[in-house]
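Peer 1: Attaching a predicted model along with its sequence, questions to come.
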Amino acid sequence: MTSPNPLPHQPVSEQARPARGRRVMVVICASLQSAWCAVLAFLLVIAYQPPQGDWDHSGLAAITGMAFVVAVLGVITVLVDLVPLLLKWLSWKWLLLPAVLVVLAVARVVHLSSAYPAS
């Protein structure tokens, strides 16, 4: 009859430590990524505010700049999220939200450049 503990000199809790450490890293990575994506989504909502009119060049510049900042920060988020993905702490599904935010921000920049051409 074999013992459930393959190393009798180590307690069972020592063997369970890598699984618990992985769960902690998953929770930390997921929480940080979720909070950061919430910030990016808030900034994107600001970027989707319409300018007051064709004459509002400063508002248009601010909106375009905000959308560009969200796109750049979203790309950085995707690149940073590749580390926990490659370490198998997170699944590939965690890349969807920052990728969608990047696509929406780029779409906003493209829309603004076509709807309000530079004069």
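Peer 2: Ah, there it is.

Peer 1: OK, contacts around the closest residue in space to R108 that isn't next to it in sequence?
Peer 2: Leaving aside its chain neighbours, R108 sits nearest to A67 (4.1 Å; criterion: CB to CB, 6 or more residues apart in numbering). (Glycine included, C-beta is placed from N, CA and C.) A67 makes contacts with 44, 47, 105-106, 108-109, 112, as judged by CB atoms under 8 Å, 6 or more residues apart in numbering.

Peer 1: try 10 Å
Peer 2: A67 sits next to 43-44, 46-48, 104-112 when contact means CB atoms under 10 Å, 6 or more residues apart in numbering.

Peer 1: tell me which element it is part of?
Peer 2: Remark: A67 resides in helix 57-86, with elements defined by DSSP states H and E.

Peer 1: Which parts of that helix count as buried, going by neighbours?
Peer 2: By 16 or more other CB atoms under 10 Å, the buried positions in helix 57-86 come out as 60, 63-64, 66-68, 70-71, 73-75, 77-78, 81, 84-85.

Peer 1: which one of those residues sits closest to I28?
Peer 2: Nearest to I28 among these: P84, at 9.1 Å, using CB to CB.

Peer 1: In this structure that closest one contacts L90, no?
Peer 2: Yes. If you go by CB atoms under 10 Å, P84 and L90 touch, sitting 4.5 Å apart.

Peer 1: Which residues are in contact with each of those two?
Peer 2: 25-26, 29-30, 33.
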